[in-house]
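Visitor: Here is the input, now give the coordinates:
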Amino acid sequence: MVSVVANWIDGRERPAAGGETFEKVAPASEEVVSRAARSRAADVAAAVAAAKKAQPAWAERTPVARGDILRQAALLMRETARDLSEIAALETGKSPKDALGETNAAIEMGFFVAGEGRRFYGRTTTSAVPNKIAQIVRQPLGVAGLIVPANTPIPNIAWKAFPALLCGNAAVLKSSEHAPATAAMFAKVLHAAGVPEGVFNVIHGLGEEAGAPLADSPDVALVSFTGSVAAGRSIAQRAAARLAKTCLEMGGKNPLVVCDDASLENAAQAAVLSAFSNAGQRCASGSRLIVFASVYDRFRQLVLDRTAKLKLGVSDGDDVGPVVSQASLQRILDGIKGAKILCGGRRAQAKGWYLEPTVLEDAPASVSCTELFGPVTSLHRANDFEHALALANDSPFGLTASIHTASVHRAMAFLARVQAGVAIVNGPTYGSEPHMPFGGLKQSGAGGREAGTEALDVYSEWKTVYVNYLPGAV
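Guide: The predicted structure follows:
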């Protein structure tokens, strides 16, 4: 049965003002599973107006009170985790196990952020002036515009929504057109937990039709975006025109370096997981494998052997699901044309948007510098450590990076010199945790870090406070 997914504005479901919908197609079956509201500027304006009206009363609550409500939301998410994960799995082509794991990660983010309501630290310091107290405290921004992708739909929403609300903002979330029902259910959970009407709103629709008006709105103080470089650049330009704050997380082309003293079995396992888990649809995917020449042939064979054993499908026993849309599949296939393909490189089956896990060798710059966002990785030879580090940094991106080595000296030099927001020793290129900041350099991101206490700096501003007092007036 095809469901209807409405917008969530001011605490209730609303169809698009123009009555339009768009079809959501399941990537594993290519069947229409829902029709979602196709929002445009009028719908965005209604959602922003509701948020603007509700925000002052929400901000008047203490951070502790807001955190208590968000904790209740995380508890309700735990109770409904199976339902949430089933929707996410259907919409994005994940196995039940992977979708549930992502849902649990989002729940942990909720618990972590809720706990920050008990801290919410500012700072008290000294003043050069007698009888004067100097402090800095956090203040909310107002209305936050949140724009998310579908690769990990529930964590993507949780990473933005929980800190935005804790800081006293109201929010308008523009859901991914590939996961509208997931966002709608998240909104209903927040509402059931006690988040007041208008504080959290969800609009569905396409980027230029719904995302652009949100970035343009004069009443949106912050736009927090995760997605492609092209879309992030457009949002930055739109927000800059009205001097609005932005937080942009725009992906990566992440290196995994394998040294000649590494455990090749461990490195190959980490490389295959980095490249192909979540069908390669990770901003932190390991899409460039940089290997010392002396162990290159052995490592290449280990990677090819492991890749050949991967199973395609969306059951818990499978390893690689489909990419999220037919357009994504075609974009990836077009992107690897002309590259030297060691394995994969073809559509895997007639039904579902599956791409065979693909390993390239010595990929040209058109591939090695472009985020394909699918199950594709490339092998590159390095002469030594300095060459490997230079190759790792030779990228317009700088999100995550990993090195596999037994040498503490190489590891520490790599951690100090690699141009990345996240650096890992002897592990995959992904693996974020709620208490740790995540983000990158160069075209990977700008405007702050999400997750960790650092996320509070994205969703609040500092206020400097002075209190003068008269000692003799007691």
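
Visitor: which non-adjacent residue is nearest the residue nearest the centre of the chain?
Guide: Nearest to the mean C-alpha position of the chain, by CA atoms, centre = their mean, lies residue 156 at 4.7 Å. Excluding the flanking residues, the one nearest residue 156 by CB to CB, 6 or more residues apart in numbering is residue 148, at 4.2 Å. Just so you know, the C-beta spots here come from the backbone N, C-alpha and C atoms, and that holds for glycine as well.

Visitor: burial of the one you found, as a residue count?
Guide: The number of residues packed near residue 148 is 26, by other CB atoms under 10 Å.

Visitor: how about it, what does it touch?
Guide: Contacts for residue 148 were tallied using CB atoms under 8 Å, 6 or more residues apart in numbering; they are 156, 157, 160, 173, 174, 175, 176, 183, 226, 227.

Visitor: Format these as a markdown table; extra columns: secondary structure.
Guide: Compiled in a markdown table, the contacts of residue 148 are given as follows (DSSP: H, G, I helix; E, B strand; the rest coil):
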| residue | secondary structure |
| --- | --- |
| 156 | helix |
| 157 | helix |
| 160 | helix |
| 173 | strand |
| 174 | strand |
| 175 | coil |
| 176 | coil |
| 183 | helix |
| 226 | strand |
| 227 | coil |
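
Visitor: Can you tell me how far the residue nearest to the centre of the chain is from residue 249?
Guide: Residue 156 sits 10 Å away from residue 249, going by CB to CB, to the nearest Å.

Visitor: what do you get for residue 118?
Guide: When residue 118 is compared with residue 249 (using CB to CB), they lie 27 Å apart.

Visitor: Contact partners for the closest residue to residue 226 other than its chain neighbours?
Guide: Counting by CB to CB, 6+ apart, residue 249 is the residue found nearest to residue 226 once chain neighbours are left out, at 4.4 Å. Contacts were defined as CB under 8 Å, 6+ apart; by that measure residue 249 touches 225, 226, 227, 232, 283, 438, 439, 440, 444, 445, 450.

Visitor: From those residues, which land in strands?
Guide: 225, 226, 445 (DSSP state E).

Visitor: Enumerate the beta-bridge partners assigned to the first one.
Guide: In this structure, residue 225 has beta-bridge partners residue 147, residue 248, where bridges are defined by DSSP bridges.

Visitor: circling back: which one of the ones in strands among the contacts of residue 249 is nearest residue 87?
Guide: For the ones in strands among the contacts of residue 249, the closest approach to residue 87 (CB to CB) belongs to residue 226, at 19.5 Å.

Visitor: Hmm, residue 149 and the closest one touching each other?
Guide: Yes - the pair residue 226 and residue 149 qualifies as a contact (CB atoms under 8 Å) at a distance of 5.5 Å.

Visitor: Report the set of residues contacting both of the two.
Guide: When CB under 8 Å, 6+ apart defines a contact, the residues bordering residue 226 and residue 149 alike are residue 156.

Visitor: what about the strands in the stretch 101-250 of the chain?
Guide: 123-125, 132-140, 143-147, 170-174, 200-203, 222-226, 245-249 (DSSP state E, counting those that start in this stretch).

Visitor: Now tabulate those in a markdown table and tack on distance to residue 350.
Guide: Conversion of the strands of the stretch 101-250 of the chain to a markdown table gives the following (distance: least, CB to CB, whole Å):
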| stretch | distance to residue 350 |
| --- | --- |
| strand 123-125 | 61 |
| strand 132-140 | 51 |
| strand 143-147 | 34 |
| strand 170-174 | 33 |
| strand 200-203 | 35 |
| strand 222-226 | 32 |
| strand 245-249 | 35 |
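
Visitor: Mean pLDDT and distance to residue 26 for those - can I get that in CSV?
Guide: Listed next are those as CSV, based on pLDDT from 0 to 100; distance: least, CB to CB, whole Å:
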stretch, mean pLDDT, distance to residue 26
strand 123-125, 96, 50
strand 132-140, 98, 38
strand 143-147, 98, 23
strand 170-174, 99, 21
strand 200-203, 98, 20
strand 222-226, 98, 22
strand 245-249, 98, 26
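
Visitor: what's the closest of those strands to residue 261?
Guide: Taking CB to CB as the measure, the strands of the stretch 101-250 of the chain were each checked against residue 261, and strand 245-249 came out nearest at 33.6 Å.

Visitor: So for the helix or strand bottoming out on mean pLDDT in the chain, what gets flagged as buried?
Guide: Every helix and strand of the chain was ranked by mean pLDDT, DSSP states H and E. The lowest is helix 365-368, at a mean of 86. The neighbour-count criterion (16 or more other CB atoms under 10 Å) identifies 367, 368 as the buried residues of helix 365-368.

Visitor: what about the residue of the chain most remote from its centre, distance to residue 131?
Guide: Within the chain, the residue lying farthest from the chain centre (CA atoms, centre = their mean) is residue 472, at 55.5 Å. Relative to residue 131, residue 472 is positioned 10 Å away (CB to CB).

Visitor: picking that back up, so the residue farthest from the centre of the chain, which of the three states?
Guide: For residue 472, the secondary-structure state derived from three-state DSSP is helix.

Visitor: how does the chain divide into domains?
Guide: Taking automatic domain parsing as the domain assignment, the record places the domains of the chain at 3-250+444-463, 254-425.

Visitor: hey, where'd the strands end up in the stretch 301-450 of the chain?
Guide: Listed in chain order, the strands of the stretch 301-450 of the chain (DSSP E, counting those that start in this stretch) span residues 340-343, 358-361, 376-382, 397-398, 400-404, 422-425, 441-442, 445-446.

Visitor: what's the most buried one of those?
Guide: By mean neighbour count, with neighbours taken as mean count of other CB atoms under 10 Å, strand 400-404 ranks first of the strands of the stretch 301-450 of the chain at a mean of 29.
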